[in-house]
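*Asks:* Quick one, fold the following:
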Amino acid sequence: DFEIWRIFTNFLFFGNLGLNFLFHLYFLVRYCRLLEEGEFNRKKSDFIFFIFFGGTLMVSLQPLVELEFLGSSLTFMMVYVWARRNEHIQMSLFGLFNFNAPYLPWVFMGYSLMASTKETLASDLLGIGVGHIYYFL
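*Replies:* The predicted structure follows:
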């Protein structure tokens, strides 16, 4: 069967319900909103291109990294692009560890690794890589 919806729905799965799931969902909503209201304010076509470009590149690379779902990758792409566009912003991890925004994807990936499996590493790195490609194009 030709199941075209799978191209789009693989971005909607973030794993089993748990703390890692909630963090990914929160970061996706937060940084998608911040990008839409900041970098892409009054540029809806640019935002749609950003999502389409990232999604297309991730789906194209998906067989190489053997991932079933790309929800985490989409989250990391959003976080990476936001962090690079807001280099001057100071961040804090649970009020204990301070860092600049460009390090946010790496801090988030470290937390994600502690809470999940090795497959998460490939998914997170794919999102960071696609975000990096978009940022420098």
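
*Asks:* how close does the nearest residue to residue 39 once chain neighbours are set aside sit to residue 61?
*Replies:* Counting by CB to CB, 6 or more residues apart in numbering, the nearest residue to residue 39 once its immediate chain neighbours are dropped is residue 85, at 5.3 Å. For glycine as for every other residue, the C-beta is placed from the backbone atoms N, C-alpha and C. Separation of residue 85 from residue 61 (CB to CB, to the nearest Å): 23 Å.

*Asks:* ok, back up a step: contact partners for the residue nearest to residue 39?
*Replies:* With contacts defined as CB atoms under 8 Å, 6 or more residues apart in numbering, residue 85 is in contact with 35, 38-39, 135.

*Asks:* those strands in the protein, which residues are they?
*Replies:* 90-93, 97-100 (DSSP state E).

*Asks:* Next, format the ones you listed as CSV and append mean neighbour count, mean pLDDT and distance to residue 8.
*Replies:* CSV is the format used below for the strands of the chain (neighbours: other CB atoms under 10 Å; pLDDT from 0 to 100; distance: least, CB to CB, whole Å):
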stretch, mean neighbour count, mean pLDDT, distance to residue 8
strand 90-93, 12, 89, 31
strand 97-100, 11, 92, 34
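
*Asks:* ok, longest helix in the chain?
*Replies:* Taking DSSP state H as the criterion, the chain has its longest helix at helix 44-65.

*Asks:* Could you pull out the buried residues of that one?
*Replies:* 47, 50-51, 54-55, 57-59, 62, 65 (16 or more other CB atoms under 10 Å).

*Asks:* any idea of the mean pLDDT for that helix?
*Replies:* Helix 44-65 carries an average pLDDT of 95.

*Asks:* and it, what does it pack onto?
*Replies:* If contacts are counted by 3 or more CB pairs under 8 Å, 6 or more residues apart in numbering; DSSP states H and E, helix 44-65 sits against helix 19-37, helix 71-85, helix 118-136.

*Asks:* and the angle for the shortest one with helix 44-65?
*Replies:* Our comparison of helix 71-85 with helix 44-65, counting by axes from the mean of the first three to the mean of the last three CA atoms, to 10 degrees, yields an angle of 130 degrees.
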